[in-house]
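**Q** got a predicted model here, sequence first, then my questions.
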Amino acid sequence: MDNHNRSQAKKVLKQYFGYDSFREGQEELIESILNGKDTFGIMPTGAGKSICFQVPALIMEGITLVVSPLISLMKDQVEGLNQAGVHAAYLNSSLTAGQYRKALEFAKQGRYKLIYVAPERLDTDLFLEFALYADISMLVIDEAHCVSQWGQDFRPSYLKIVAFIKKLSKRPVISAFTATATREVRDDIIDLLLLQEPKVVTTGFDRPNLYFAVQSPKDKYASMKNFLELHTGQSGIIYCLTRKYVEEIYERLKADGFSVAKYHAGMGDGERKTSQEDFIYSRVEIMVATNAFGMGIDKSDVRFVVHYNMPKNMESYYQEAGRAGRDGEAAECVLFYAGQDVVTNQFFIDHNKDNQELDEITRRIVEERDRDRLRKMTFYCFTNECLRDYMLRYFGEYGSGYCGNCANCLSQFETVDVTEIAESLLGCVQSSGQRFGTNVIVDTVHGANTAKIRNYRMDGNPHYGELSKTPVYKLRKVINHLQLYGYLNVTNDEYAIVKLTEKSASVLSGEERIEMKMAKEQEHPARIKTKKKRKGMAFGDYEFNRQEEELFEKLRMLRTEIAKEEKVPPYIVFSDRTLVHMCIVKPETKGEMLSVTGVGEFKYEKYGERFLDCIAGK
């Protein structure tokens with residue numbers, strides 16, 4: 001970035017957003033945009049994607065349009081910008097016809113630097129009447145993976161974007177951003193959006209502050225309740241696969257005295273809005289929701305995300321789990337797994353209405369890929385390797401294999417020789433003509449006396465009952481290990497047939513031995529990590545004293561008071577991180593207050609004196 005652009009970008013960053021320096025990747029992306037190049041940023045949730053287009057939008061002449069998929073995402077970002085002193089607006093179905101026309105009229109008058117728009121609006125006559133004559137300097141495509149049918153959240157309305165760009169009198173700078181995209185999806189985004197020699201910046205998917213754990217408890221609710229009791233007073237999200245689960249968990253938690261709200265697509269618009277605002281404004285601590293909740297919710301103080309059921313793929317899981325710890329402080333991501341979760345997800349894949357709208361060949365390809373993603377998500381729940389490393393490898397990154405901040409890395413494992421079990425499982429697949437799924441193979445070697453086994457005549461298989469003394473859970477772990485490391489393959493059709501691979505032969509011939517990590521107490525998986533509560537609060541390595549803790553609570557109360565006055569969420573006023581930094585710096589003057597992270601000129605003029613008075617004990 002040349003010196004002039006760098007100086008402008010840093011000035012805008014401090015003046016409007018209150019930060020002294022850019023995070024990894026931000027400056028590189030901003031430089032590319034300011035140089036007029038198409039730009040594509042792949043950054044994990046919480047890495048500061050919005051800064052990458054908001055800063056150049058405030059420097060460039062003209063208007064920046066931001067195409068965004070969800071109303072909640074737009075509302076949240078526009079509120080944050082307006083609080084920072086930036087004139088911004090959104091155009092979507094939440095506005096009445098009168099509000100929409102008024103917003104467009106203001107847009108024509110040049111009142112807004114950033115306008116967030118739903119993709120469905122791009123080809124409407126009213127919006128085109130404005131856009132075709134507006135000075136649009138940049139078009140931002142947020143959540144860009146929605147344009148790809150190979151992405152986890154394909155939205156056909158995103159395909160309208162290119163047609164809209166072609167209608168404009170001059171082509172603006174195009175920038176696209178996403179948090180979760182495999183290499184295949186990244187290439188698809190570039191092709192479908194017709195990005196011209198784009199600058200592509202990938203900052204990496206790792207979120208070191210997040211702790212990951214998987215459990216398969218006999219009583220999910222009891223385990224989750226225990227977890228929540230250890231996190232009293234903290235903000236968190238519980239994701240469930242179905243509306244039925246959301247209602248059930250919500251009612252049970254409410255009856256058990258937890259501060260809880262619920263959110264799913266079956267609720268009325270007003271009820272959903274109230275529930276979402278109760279959580280965002282910190283009137284309730286816990287949100288129980290389906291995946292309909294969360295995209296674009298920039299609540300910075302979410303300390304945990306619990307998945308009561310396994311999601312359909314790694315992209316969805318990492319995006320949802322990534323809503324924890326957006327302030328960079330420690331947060332926990334826990335997944336409770338049960339075999340029924342696979343069945344439920346498989347049902348969703350088989351009855352996907354979006355897939356039914358595709359042509360037959362494409363529909364089958366998409367379904368096959370969805371099944372493959374589900375299988376890889378299931379492997380995550382069974383692996384004894386580093387959970388973080390598994391996720392990063394899925395997205396094409398390779399770490400050390402040990403993160404020190406996941407349940408597997410913090411559990412005691414031993415390397416076990418499972419060659420005999422592997423030989424029996426592979427031999428059963430071979431002798432049965434590679435015609436059956438995982439359950440039939442496991443039940444056969446375990447010697448199950450069921451109608452299905454008898455009907456398939458697997459009770460006559462040479463390997464029937466060969467491993468009757470080996471627990472079923474261990475057999476499942478080994479067969480999953482064999483699939484994960486390529487000794488077995490499973491077809492992508494609805495029957496999921498187990499097949500041998502080239503690697504199978506070396507095990508069956510006795511040339512290769514199979515070893516895998518197993519927890520020493522296999523029947524009692526690693527307990528969810530629960531950090532011992534410190535005597536006092538902490539911020540990184542900084543230990544708070546009692547006076548600082550008391551000051552933090554006073555600042556929180558003031559923030560809540562201001563949030564009610566302004567009718568915005570508390571974190572829009574200042575984040576927890578900013579309040580904590582105030583407690584450390586203890587500013588007495590304007591200059592000292594402006595040195596606090598997250599305090600910019602505009603916010604200081606609005607709130608600075610009140611916070612200085614609070615710190616001074618006035």
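**A** It's in.
**Q** domain map for the chain?
**A** For the chain, automatic domain parsing gives the domain ranges 3-202, 210-394, 415-519, 538-616.
**Q** part of a helix, is residue 404?
**A** No: assessed with DSSP: H, G, I helix; E, B strand; the rest coil, residue 404 is coil; it does not lie in a helix.
**Q** relative to residue 291, how far out is it?
**A** Residue 404 sits at a distance of 29 Å from residue 291 (criterion: CB to CB, to the nearest Å). Bear in mind the C-beta positions are built from the backbone N, C-alpha and C, glycine included.
**Q** the two: who's more crowded?
**A** Legend: neighbour count by other CB atoms under 10 Å for residue 404 and residue 291, higher for residue 291 (20 against 11).
**Q** about what we covered before: ok, which of the domains of the chain comes nearest residue 408?
**A** domain 210-394 (5.4 Å; CB to CB).
**Q** coming back round to it: what's the closest of the domains of the chain to residue 409?
**A** Nearest to residue 409, of all those, is domain 210-394, at 5.3 Å by CB to CB.
**Q** residue 197 touches residue 40, doesn't it?
**A** No: using CB atoms under 8 Å, residue 197 makes no contact with residue 40, being 10.7 Å away.
**Q** between the two, which has more neighbouring residues?
**A** Set side by side, residue 197 and residue 40 show more neighbours around residue 40, with 24 against 8, by other CB under 10 Å.
**Q** before we move on, what SS does that one have?
**A** At residue 40 the chain is in strand, as set by three-state DSSP.
**Q** which residues touch it?
**A** If a contact means CB atoms under 8 Å, 6 or more residues apart in numbering, then residue 40 has 144, 175, 176, 177, 186, 189, 190, 195, 198, 199, 200, 201 as its contacts.
**Q** is it bridged to anything, and to what?
**A** Counting by DSSP bridges, residue 40 forms beta bridges with residue 176, residue 200.
**Q** could I get the phi/psi values of residue 431?
**A** phi -70, psi -20 (degrees, to the nearest 10).
**Q** that one: neighbour count?
**A** So residue 431, with other CB under 10 Å, has 14 neighbours.
**Q** could you do the one 5 residues further on as well?
**A** Burial of residue 436, expressed as a neighbour count using other CB under 10 Å, amounts to 21.
**Q** repeat for residue 265
**A** Neighbour count for residue 265, taken as other CB under 10 Å: 12.
**Q** before we move on, the earlier item: any chance of JSON lines for the domains of the chain, columns mean pLDDT and distance to residue 400?
**A** Converted to JSON lines, the domains of the chain look like this (pLDDT from 0 to 100; distance: least, CB to CB, whole Å):
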{"stretch": "domain 3-202", "mean pLDDT": "89", "distance to residue 400": "18"}
{"stretch": "domain 210-394", "mean pLDDT": "89", "distance to residue 400": "7"}
{"stretch": "domain 415-519", "mean pLDDT": "91", "distance to residue 400": "16"}
{"stretch": "domain 538-616", "mean pLDDT": "86", "distance to residue 400": "22"}
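**Q** help me confirm that residue 587 is found in a strand?
**A** No: assigned with three-state DSSP, residue 587 falls outside any strand and is coil.
**Q** correct me, but it touches residue 612?
**A** Yes: here residue 587 reaches residue 612: they are 6.5 Å apart, a contact under CB under 8 Å.
**Q** shared neighbours, these two?
**A** residue 593.
**Q** does the closest residue to residue 173 other than its chain neighbours sit in a helix or strand, and which one?
**A** Distance criterion CB to CB, 6 or more residues apart in numbering; nearest residue to residue 173, sequence neighbours excluded, is residue 138 at 4.5 Å. Element membership for residue 138 (DSSP states H and E) is strand 136-141.
**Q** what's the burial count for residue 269?
**A** Residue 269, neighbours per other CB under 10 Å, totals 10.
**Q** separation between it and residue 459?
**A** Distance, residue 269 to residue 459, using CB to CB: 56 Å.
**Q** the residue lying closest to residue 381 once chain neighbours are set aside: what's it in contact with?
**A** Once flanking residues are discounted, residue 381 sits nearest to residue 337: 4.1 Å by CB to CB, 6+ apart. Neighbouring residues of residue 337 by CB under 8 Å, 6+ apart: 214, 215, 216, 310, 381.
**Q** now do the buried residues in the longest helix anywhere in the chain.
**A** Criterion DSSP state H: the longest helix present in the chain is helix 360-382. Neighbour counts using 16 or more other CB atoms under 10 Å place 365-367, 369-371, 373-375, 377-382 of helix 360-382 among the buried residues.
**Q** then stretch 24-42?
**A** 25-34, 37-42.
**Q** now the spatially most central residue of the chain, nearest residue through space, not along the chain?
**A** The residue lying closest to the centre of the chain (CA atoms, centre = their mean) is residue 319, at 1.2 Å. Closest residue to residue 319 apart from its sequence neighbours, by CB to CB, 6+ apart: residue 180 at 5.1 Å.
**Q** so what's that neighbour up against?
**A** Taking CB under 8 Å, 6+ apart, we find residue 180 in contact with 44, 145, 152, 205, 315, 318, 319, 395.
**Q** give the buried subset of these as a ChimeraX selection command.
**A** Command for ChimeraX, covering only those of the contacts of residue 180 found buried under the criterion 16+ other CB under 10 Å:
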select :44,145,152,205,315,318,319,395
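**Q** reformat the contacts of residue 180 as a markdown table; add distance to residue 232 and secondary structure.
**A** Converted to a markdown table, the contacts of residue 180 look like this (distance: CB to CB, whole Å; DSSP: H, G, I helix; E, B strand; the rest coil):
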| residue | distance to residue 232 | secondary structure |
| --- | --- | --- |
| 44 | 28 | coil |
| 145 | 36 | helix |
| 152 | 33 | coil |
| 205 | 31 | coil |
| 315 | 32 | helix |
| 318 | 27 | helix |
| 319 | 27 | helix |
| 395 | 34 | coil |
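**Q** tell me the one of the contacts of residue 180 nearest residue 583?
**A** Closest approach to residue 583 among the contacts of residue 180 (CB to CB): residue 44, at 28.0 Å.
**Q** pretty sure residue 212 sits against residue 406.
**A** Yes: using CB under 8 Å, residue 212 makes contact with residue 406 at a distance of 4.3 Å.
**Q** still on that earlier bit, so how far is residue 598 from the residue nearest to the centre of the chain?
**A** Noted for residue 319: a distance of 24 Å to residue 598, by CB to CB.
**Q** now swap in residue 574 and tell me
**A** Distance from residue 574 to residue 598, counting by CB to CB: 6 Å.
**Q** so between these two, which is more surrounded?
**A** More crowded of residue 574 and residue 598, by other CB under 10 Å: residue 574, with 27 against 19.
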